[in-house]
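J.: show me the folded form of this:
(one chain, ligands or ions: 1)
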Amino acid sequence: MATHISERQTQFSYFDQLLRGPVWNGSKILDFGGNVGGFLVGAGDQVDHEDYWCLDLTQAALDQGRRNFPRANFVFYNRYSSYFNPNGVRNLPVPNLGLNFDIILAFSVFTHTHRKEMLELVEQLRSMLAAQGVIAFTFSDPSYDRSLSDPALPPGTGVISMFEWEQAKGPSPEIEGMAQTNHRTWCVEVDEKLYVEPGDEFCQQERWGKPEESYCSYFTADYMTSLFPGATVLPPVSPEWQHCCILKKTE
Ligand SMILES: C[S@@+](CC[C@H](N)C(=O)[O-])C[C@H]1O[C@@H](n2cnc3c(N)ncnc32)[C@H](O)[C@@H]1O
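T.: All right, here's what the predicted structure looks like:
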């Protein structure tokens with residue numbers, strides 16, 4: 001059984017670069033899906049742990065985060081996810097944490113949700129921002145060559161090759177469309193099967209997924225720009241290969 005403990009520690013450097021060095025000290029920070037709080041490792045003394053909240057579906061990760069960072073705030077969010085929290089509650093709203101946040105971050109969280117769930121959760125998170133607050137969250141663009149920002153990967157690494165495998169297994173017009181530059185929007189991969197632009201019934205909150213099944217979503221940068229008018233959509237910074245979408249409280 002997967003432990004769902006993340007070892008990533010590059011989140012601070014990633015968001016610091018893409019948000020252009022915001023004033024972290026004194027800012028109230030919500031790390032949505034922050035897991036064990038790897039963000040705090042990279043942050044060093046630039047973030048006061050008492051100003052950091054991590055909201056996550058994985059209890060074991062929160063327990064580890066609390067042990068490592070006893071002054072920070074780790075809060076369980078018992079929302080359903082076939083992969084991360086198969087016994088959770090469907091459509092559970094984001095809890096009110098009793099404060100507004102200056103910076104809300106989510107690294108590799110909406111890479112595991114349907115478009116409908118991402119739109120709903122981002123809207124709820126945005127309502128938790130302070131007046132000048134900003135939310136930044138990552139997404140995975142299927143057409144991005146990950147070797148461009150992760151030199152450890154061979155050139156051409158990315159999800160686009162997945163479309164080619166799928167086409168080889170059995171050609172389909174949807175996958176063909178996703179593979180063509182001017183038709184790319186979004187898709188979901190569930191246990192290695194690809195679904196292009198699936199309907200709302202494919203949202204995890206509305207379907208019965210197998211416990212522990214993997215559920216990954218891919219949105220092109222152009223499509224994210226159309227989903228979130230006014231957003232700044234930026235390419236990845238090394239060594240990460242996820243794009244970033246940045247929104248203010250009001251655009
Ligand atoms: C791939 S991990 C990334 C963890 C961490 N952000 C990092 O960069 O290492 C995804 C995390 O998001 C959490 N998660 C998934 N769906 C979520 C949701 N709807 N609300 C809050 N957390 C969620 C999972 O429990 C998991 O800890």
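
J.: drop to CA atoms for contacts and neighbour counts, all remaining ones
T.: Noted.

J.: contacts only, for residue 43.
T.: Listed by C-alpha atoms under 8 Å, 6 or more residues apart in numbering, the contact set of residue 43 reads 12, 13.

J.: wait, isn't residue 244 in contact with residue 234?
T.: Yes. Using C-alpha atoms under 8 Å, residue 244 is in contact with residue 234, at 5.2 Å.

J.: which one's more surrounded, the two?
T.: Just comparing residue 244 and residue 234: by other C-alpha atoms under 10 Å the higher neighbour count belongs to residue 244, 28 against 15.

J.: which strands and helices lie in contact with the host helix or strand of that one?
T.: Using DSSP states H and E, residue 244 maps to strand 243-248. Packing contacts for strand 243-248, counted by 3 or more C-alpha pairs under 8 Å, 6 or more residues apart in numbering; DSSP states H and E, involve strand 129-139, strand 232-234.

J.: can you tell if that strand touches the ligand?
T.: No. Figure legend: strand 243-248 not in contact with the ligand (C-alpha under 6 Å from any ligand atom); closest approach 12.6 Å.

J.: hmm, back to that, show me the common contact partners of residue 244 and residue 234, please.
T.: What both residue 244 and residue 234 touch, as defined by C-alpha under 8 Å, 6+ apart, is the set residue 18.

J.: now the strand holding residue 244: mean pLDDT?
T.: Mean pLDDT, strand 243-248: 98.

J.: quick one: strands adjacent to it?
T.: strand 129-139 (antiparallel), strand 232-234 (antiparallel) (DSSP bridges).

J.: any idea how far residue 15 is from residue 70?
T.: Remark: distance between residue 15 and residue 70 (C-alpha to C-alpha, to the nearest Å) = 23 Å.

J.: ok, back up a step: buried deepest among the helices and strands packed on strand 243-248, which one?
T.: strand 129-139 (a mean of 20; mean count of other C-alpha atoms under 10 Å).

J.: how far is that strand from where the chain is centred?
T.: Taking C-alpha atoms, centre = their mean, to the nearest Å, one finds the center of strand 129-139 at 13 Å from the center of the full chain.
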